[in-house]
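Q: my questions are about this predicted structure, shown below with the sequence.
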Amino acid sequence: MGPRVLIVDDSRLARATVRKYLVQAGLEVAGEAGNGREAIELFTQLSPDLVTLDITMPEMDGLTAFREIRKRAPDAAVLLVTSLDQKFIADEVANDPHGGLIPKPFSSFDLLKAVRRVLHWEESTDSSTEA
Amino acid sequence: MASWNPELSEEQTDSLKEIGNIGAGHAASELAELIGRKCIVSIPELICTDAAGIRQFVQSPDVMVVVLHMNMLGDIPAEMLVLARLPHAQQMLDYMSPTSAPKAAHNLQSFQLALRQLGEVLTRSFADAISQFLGTSARFAFADTTGTDKPDAITALLASSSDGSGSFLAVYADFFDVDRTFEGKLVYLLTSKAQRMILERIDQLLG
């Protein structure tokens, strides 16, 4: 099985799109959440390898959830997935080796490229090739 | 004013809201770039209404609301309303051009022209994002501006919106800067034909 992912978005359409692309690429969906509060609960329960996190959500927004996840797990791979393509959101993950941002809408190719980056797949693939 | 379209399933409602989220998020990001401030959007809402309902929707009892209306042509014909209270519209223009923004009180024509340009940028950004997601194309007609002090003008703007049934679906979201020095509303108006086209396209995309 591939890395386990927690998909967080208040939109079922957005979750279905992310799920489709990631499952096609061999990732396993560990769980799905519709707001930041649920995301933190499920993150604690499931310890996923990757979280995809929308920003504009009810109850708790994605940036607040991201900061909470970072307090609990500084090394967790988290990809912010948002239609708000703005500097203040990009700055949140700019110096975070395990954080990334992908603007909506995205292609399968772009999503997987971003996932690879936060999971450091390219480095591990390069290492295994060299070995 | 009706607040729900019983013909839409929960999934369809969710899909149309996400379309609104993608469009409004991009429009807010474009605005943020223009004015150099953080801009965010509310979670989109959806209502089924008619021209009179939209008039009620945009009317404010004591403050004039500036209305920008734009036809979106192309694969999925739709219409966009950009609404903002007059001082908030002025604030957005002031952020864009701190020293030379036209003032509504001094030069209404220049103010309306500047506002129209801003509305066009927001609408194009909204439509481009949706088109990118759905794999469709969009074209635009020229925008019109008016105010809620001229309710008949708003009805006239919306006269071509409905598809004969007299009603259409409005997907709307608030946009504002983080300090709430201004706020506005983006209203994406869809006929039932446009709704069907979007929902069919989403079904195809999800396979």
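A: Received, thanks. Numbering: from 1, shown residues only, chains lettered A, B, ... in the order given.

Q: contact residues of chain B facing chain A?
A: Where chain B comes near chain A, counting by C-beta under 8 Å from any C-beta of the partner chain, the residues are B:11, B:14-15, B:17-18, B:21-26, B:28-29, B:32-33, B:38-43, B:129, B:132-133, B:202, B:205-207. Heads up, the C-betas are built off the backbone N, CA and C, glycines and all.

Q: are any of those buried, and if so which?
A: B:14-15, B:17-18, B:21-26, B:28-29, B:32, B:38-43, B:129, B:132-133, B:202 (16 or more other C-beta atoms under 10 Å in any protein chain shown).

Q: in strands, which of the residues you listed fall?
A: B:C39, B:I40, B:V41 (DSSP state E).

Q: who touches the second one in this structure?
A: What it means is B:I40. A:T56, A:L84, B:A28, B:F175, B:F176, B:D177, B:V178 (C-beta atoms under 8 Å, 6 or more residues apart in numbering or on different chains).

Q: swap in 10 Å and give it another go.
A: A:55-56, A:61, A:84, A:86, A:88-89, B:24-25, B:28-29, B:32, B:174-178 (C-beta atoms under 10 Å, 6 or more residues apart in numbering or on different chains).

Q: do the same with B:A127
A: B:23, B:26-27, B:70, B:72-74, B:76, B:78, B:80, B:136-140, B:188.

Q: for PyMOL, what selects the buried ones among the contacts of B:I40?
A: The PyMOL command for the buried members of the contacts of B:I40 (criterion: 16+ other C-beta under 10 Å) is given here:
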select buried, (chain A and resi 55+56+61+84+86+89) or (chain B and resi 24+25+28+29+32+174+175+176+177)
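
Q: returning to what we had before: mark which of the residues of chain B next to chain A are part of helices, please.
A: Among those, DSSP state H puts B:11, B:14-15, B:17-18, B:21-26, B:28-29, B:32-33, B:129, B:132-133, B:202, B:205-206 in helices.

Q: the nearest residue to B:G119 once chain neighbours are set aside bridge partners, please.
A: In space, and not counting its chain neighbours, B:G119 is closest to B:L68: 3.5 Å by C-beta to C-beta, 6 or more residues apart in numbering or on different chains. On the basis of DSSP bridges, B:L68 is bridged to B:V82, B:T145.

Q: tell me, how many residues neighbour B:L68?
A: B:L68 has 25 neighbouring residues, counting by other C-beta atoms under 10 Å in any protein chain shown.

Q: repeat that for the one 5 residues further on.
A: Each residue near B:L73 was counted by other C-beta under 10 Å, and the total is 13.

Q: point out the least confident one among the contacts of B:A127.
A: On pLDDT alone, B:F140 ranks lowest of the contacts of B:A127, at 72.

Q: now stretch A:108-119: buried residues?
A: A:L111, A:L112, A:A114, A:V115, A:R116, A:R117, A:V118, A:L119.

Q: can you tell me the element the fourth one falls in?
A: Right, A:V115. In the assignment (DSSP states H and E), A:V115 maps to helix A:108-119.

Q: strands of chain B, start to end?
A: Under the criterion DSSP E, chain B contains strands at B:39-41, B:45-50, B:65-74, B:78-85, B:138-140, B:144-147, B:167-177, B:183-190.

Q: sorry, that was for chain A
A: A:4-8, A:28-33, A:50-53, A:77-82, A:99-103.

Q: hang on, B:L93 packs against B:T99?
A: No. Using C-beta atoms under 10 Å, B:L93 is not in contact with B:T99, being 11.8 Å away.

Q: those two: which is more packed in?
A: When B:L93 is set against B:T99 and neighbours are counted by other C-beta under 10 Å, the residue ahead is B:L93, at 22 against 5.

Q: how much space separates the nearest residue to that one once chain neighbours are set aside from chain A?
A: In space, B:L93 comes closest to B:A101 once its chain neighbours are excluded; the distance is 4.2 Å by C-beta to C-beta, 6+ apart. Distance, B:A101 to chain A, using C-beta to the nearest C-beta, to the nearest Å: 22 Å.

Q: show me what counts as buried in stretch B:110-123.
A: For stretch B:110-123, burial by neighbour count (16+ other C-beta under 10 Å) applies to B:F111, B:Q112, B:A114, B:L115, B:R116, B:L118, B:G119, B:E120, B:V121, B:L122, B:T123.

Q: my read: the third one touches B:M92, true?
A: The reference is to B:A114. Yes. Using C-beta under 10 Å, B:A114 is in contact with B:M92, at 9.4 Å.

Q: common neighbours of these two, please.
A: Joint contacts of B:A114 and B:M92 (C-beta under 10 Å, 6+ apart) are B:A101.

Q: burial count for the closest residue in space to B:V171 that isn't next to it in sequence?
A: In space, and not counting its chain neighbours, B:V171 is closest to B:G20: 3.9 Å by C-beta to C-beta, 6+ apart. Counted by other C-beta under 10 Å, the residues lying close to B:G20 total 27.

Q: contacts only, for A:V18.
A: A:5, A:7-9, A:27, A:29, A:32, A:52, A:54, A:79, A:81, A:102, A:104, A:106, A:111, A:115.

Q: who touches the residue of chain A found nearest chain B in this structure?
A: Going by C-beta to the nearest C-beta, chain B is nearest to A:S83 of chain A, at 2.5 Å. Applying C-beta under 10 Å, 6+ apart, we find A:S83 in contact with A:14, A:54-56, A:103-105, B:18, B:20-29, B:41, B:129, B:133.
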